[in-house]
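[1] need a 3D model of the sequence below.
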Amino acid sequence: MVVDIPLPHLDRSFDYLVPQRFEQAARPGVRVRVRFAGQDVEGFLVERAEGTEHPGRLSALRRVVSPEPVLAPQVLRLARQVADRYAGTLPDVLRLAIPSRHARTEQEPNGTPGRRPPPAPASPDPAVDLAVEPPDVGPWGDYRAGPALVSRLAAGAAPRAVWTALPGAGVWAQALAVAVAATVASGRGALVVLPDRRDVDVLEAALVAVLGPGRHARLEADLGQAARYRAFLALLRGDVRVAVGTRSAAFAPVAGLGLVAIWDDGDDLHAEPRAPHPHAREVLALRADLEGAALLAGGWSRTAECAAWLRSGWAREVSATRAVRRARWPAVAVAGTGPGEDGDAAARGRLPAAAWSGVHDGLRRGAVLVQVPRAGYLPGLACGSCRRPARCAVCHGPVQLPAPAGGGPAGPPSCGWCGRAQPAWTCPHCGGRRLRARSVGVLRTAEELGRAFPGARVVLPRAGALAPEVPDSALVVSTPGLEPAAPGGYAAAVLLDGDLLLERPALRASEEALRRWLAAAALVRPGPEGGRVVVCADPHSATVQALVRIDPGGHAERDLAERAALGFPPAVAMAAVSGPADAVRQWWRHLALPDGVEVLGPVLGPVLGPGRGDRSDRDDLEDRDERGEEPVRLLLRAPETARAELAGALREAAIARSARREPGGVRIVVDPLDLG
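    Now for the predicted structure:
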């Protein structure tokens, strides 16, 4: 059995005696309670055997918590592979894969506890002639290889595809629903992972329209314990064979899995913040290989990882022709931000002339979207004399100016980390007392645009709230990812502060900028004669040019080539190790690096985790230890062929340190999203 203790040196199976009274209930996959190290702990029974190699007397199971075999064999195999790939432990992965038990839900009469789903029908020969298209391929008819993809899914084959979607209200969800329906028609199950709840809502509506109600289960943390466990049991018992949800749904126990799909794999919400920090895209790729399922990775843009799949031939491209892309995407104009790019005096203000005209003309025809990359009011301040970033004297966090309360004057500057007010801030470098804005947040932008366009209703979406309704002639000011859809599409979209996105000190800065811009452009009325998109950024940037051409594939290929030349993921395997200096030093003594591994660092400074926004948005004081010591961070780089050896070495070092109970936490992240 697997004991639910996340210590690396205890990441193995343990033998226990099954008492006679548990003979029927103690089946592989059930939750049990055992005595371990002087205390009762839970775990999962993974195998029954007639004997044991343990020389001593075995302890007996204390209790079978539930007769429900919640740990399916295919999920156990997947969890073990994920733990090995990310240098983690099996209990940590199982904690992500299996929701907490809800006893009352388990006893509901909608299913029989312990009933296993029927076996999937045998798949036909993948080499069968698939030239005949199905009668209705839906939106896939607009893509090269789209009808062939649906045909192969309906025939029971397992193609792997990278899909670059066309814009349109809910068209991407309709395409996914058609792919799921084709898979279900072949007698297999399907699994779709999406970034957030809003995307799940859109796909659910499309699935109900294609499959009918009650044919899928929804898995996400926001559902609550009972609803999530009920959906999990419906999949486990074979009552439904289609699962949709957020990143943890990648482990859903779908019966006879035939298709795994992920939408917008570049969204950092797909990266798990808890150990061992797996990415949903990589989990689904492992699962597709493990269970012989098809894989579909789709989005408006394309990541370097998907470009690597295409380059290696592991997956095939599904995209529209250039003529179709030009007809379906809105026209994109560039409002240059550099000297001489805009001769009008408006270029020196918040909006360049082209952007101001885009908003003004768009409001005559409908709603207008303004995308602002920074949250808050004035989230970044600098010294007015020497222009250096303003930092808190206590914790060195960024000094910010909060939004005015109730329409009154703005309050004093405060630290974005510890919250201390900074009414008498003084620059430690030059002694200056004046502050100036380094960047403008969405709240200040909405305030300025409300004054510039007094006749327009300003709509400001909020994180965690329901998407607001967008009336006609509204001015929607939003941060990336929160943009609500407008009925019929926006008449125009203005993408502000593009250079701020492109100049972030992050590996994925250009990839993320293009992804955010295309997501906003997809909400604009389609076609060159429809809406208009204005991006405020350097027109000479390759990323801006890719946006103008609507060429995310070419941008991803270029990005991948640059990363390969510089030795960055996904061209290489990389791991980030961070923690207090003493703990990292102790961990380093146990590390036996394979040949060919390069060590970068260590460096002193904040440790970044997955999250939105720029560096100052994600700095986290919780990374400091009890003594207030800042963590150190080092990077380990190895050839892609040595990925397994690197992960194994990291895991062995963690096991040695755990067995010796050395103090201090060391955080290991394989393939981190950011390297800065």
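[2] neighbouring contacts of the host helix or strand of Leu443?
    Per DSSP states H and E: Leu443 is located in helix 442-452. Under the contact criterion C-beta atoms under 8 Å, 6 or more residues apart in numbering, helix 442-452 has outside partners 350-351, 356, 359, 370, 372, 374-378, 403, 440, 456, 458, 460, 475, 477-479, 496. All C-beta atoms are positioned from the backbone trio N, CA, C, and that covers glycine.
[3] so of these, which ones are in helices?
    356, 359 (DSSP state H).
[4] in strands, which of the contacts of helix 442-452 appear?
    Secondary structure defined by DSSP state E assigns 370, 458, 475, 477-478 of the contacts of helix 442-452 to strands.
[5] what is the burial count for Ala185?
    Close neighbours of Ala185, defined as other C-beta atoms under 10 Å, add up to 15.
[6] for it, give me the pLDDT.
    With respect to pLDDT, Ala185 scores 94.
[7] so it is in contact with Ala154, correct?
    Yes - using C-beta atoms under 8 Å, Ala185 is in contact with Ala154, at 5.4 Å.
[8] just checking, Cys427 touches Pro389?
    No - with contacts defined as C-beta under 8 Å, Cys427 does not count as touching Pro389, sitting 10.0 Å away.
[9] more neighbours, the two?
    Cys427 (19 against 12).
[10] doesn't that one lie inside a strand?
    No - using DSSP: H, G, I helix; E, B strand; the rest coil, the assignment for Cys427 is coil, not a strand.
[11] need the pLDDT of it.
    The predicted local confidence for Cys427 is 90.
[12] next, give phi and psi for it.
    Main-chain dihedrals, Cys427, degrees, to the nearest 10: phi -70, psi 120.
[13] what's the nearest residue to it if we skip its chain neighbours?
    Distance criterion C-beta to C-beta, 6 or more residues apart in numbering; nearest residue to Cys427, sequence neighbours excluded, is Cys383 at 4.1 Å.
[14] show me the contacts for that neighbour.
    By C-beta under 8 Å, 6+ apart, the neighbours of Cys383 are 389-390, 427, 429-430, 432, 434-436.
[15] looking at this structure, which helix or strand is least sure?
    Lowest mean confidence among the helices and strands of the chain (mean pLDDT, DSSP states H and E): helix 615-618, at a mean of 32.
[16] ok, then the element right after that helix?
    Sequence-wise, the next helix or strand downstream of helix 615-618 (DSSP H and E) is strand 632-639.
[17] partners of that next one, with directions?
    Here strand 632-639 is paired, per DSSP bridges, with strand 572-579 (antiparallel), strand 598-604 (antiparallel).
[18] list the contacts for Leu675?
    Neighbours of Leu675 in contact, by C-beta under 8 Å, 6+ apart: 506-507, 568, 574, 576, 635.
[19] can we see that at 6 Å?
    Leu507 (C-beta atoms under 6 Å, 6 or more residues apart in numbering).
[20] where does the protein dip in pLDDT?
    The model of the chain has pLDDT under 70 over residues 110-135, 337-350, 405-410, 528, 604-630, 676.
[21] can you do 50?
    Within the chain, the stretches with pLDDT under 50 are 111-135, 338-348, 606-628.
[22] domain map for it?
    Domains of the chain are assigned by automatic domain parsing as 1-71, 138-325, 331-560, 571-670.
[23] most packed of these?
    Stretch with highest mean neighbour count among the domains of the chain: domain 138-325 (a mean of 21; mean count of other C-beta atoms under 10 Å).
[24] endpoints of that one, how far apart?
    With C-alpha to C-alpha, to the nearest Å applied, domain 138-325 spans 17 Å between its terminal residues.
[25] next: stretch 12-20.
    Terminal-residue distance, stretch 12-20 (C-alpha to C-alpha): 25 Å.
[26] cool, stretch 477-484 as well?
    Chord length of stretch 477-484, first to last residue, is 10 Å (C-alpha to C-alpha).
[27] how far does that stretch sit from its chain's centre?
    17 Å (C-alpha atoms, centre = their mean, to the nearest Å).
[28] over to stretch 469-478?
    Per C-alpha atoms, centre = their mean, the centroid offset for stretch 469-478 relative to its chain is 27 Å.
[29] which residues are contacting that stretch?
    Contact partners of stretch 469-478, identified using C-beta under 6 Å, 6+ apart, comprise 363, 366-370, 442, 445-446, 449, 456-461, 484, 486.
[30] so Arg215 versus Arg585, what's the distance?
    When C-beta to C-beta, to the nearest Å is applied, the distance between Arg215 and Arg585 equals 55 Å.
[31] let me fix that: Leu401
    40 Å.
[32] over to Ala561?
    37 Å.
[33] again, but for Trp172
    Distance from Trp172 to Arg585, by C-beta to C-beta: 49 Å.
[34] show me what the host helix or strand of Val494 is packed against.
    Counting by DSSP H and E, the element that carries Val494 is strand 492-495. Under the contact criterion of 3 or more C-beta pairs under 6 Å, 6 or more residues apart in numbering; DSSP states H and E, strand 492-495 touches helix 353-365, strand 368-371, strand 532-535.
[35] what does the helix or strand following it contact?
    Next helix or strand after strand 492-495 toward the C-terminus (DSSP H and E): helix 498-502. With contacts defined as C-beta under 6 Å, 6+ apart, helix 498-502 is touched by 337, 373, 509, 513, 535-538, 541.
[36] still on that earlier bit, nearest to Ala647, of the helices and strands packed on strand 492-495?
    Distance to Ala647, taken as C-beta to C-beta, is lowest for strand 368-371 among the helices and strands packed on strand 492-495, at 37.9 Å.
[37] contacts for that closest one?
    For strand 368-371, the external contacting residues (C-beta under 6 Å, 6+ apart) are 359, 362, 475-477, 483, 490, 492-495, 520.
[38] then the next helix or strand after it to PDB, C-alphas only?
    Remark: after strand 368-371, the chain's next helix or strand is strand 380-383, criterion DSSP H and E. Extracted in PDB, the C-alpha atoms of strand 380-383 (Å, rounded to 0.1, in the frame of the first residue of the first chain):
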ATOM      1  CA  GLY A 380       5.300  50.700  -9.900                       C
ATOM      2  CA  LEU A 381       6.900  53.900  -8.600                       C
ATOM      3  CA  ALA A 382      10.400  55.200  -9.100                       C
ATOM      4  CA  CYS A 383      12.500  58.000  -7.600                       C
END
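[39] whichever helix or strand comes after strand 380-383: partners in the sheet, and parallel or antiparallel?
    Next along the chain after strand 380-383, taking DSSP H and E as the criterion, comes strand 399-400. Sheet pairing of strand 399-400 (DSSP bridges) gives strand 414-415 (antiparallel).
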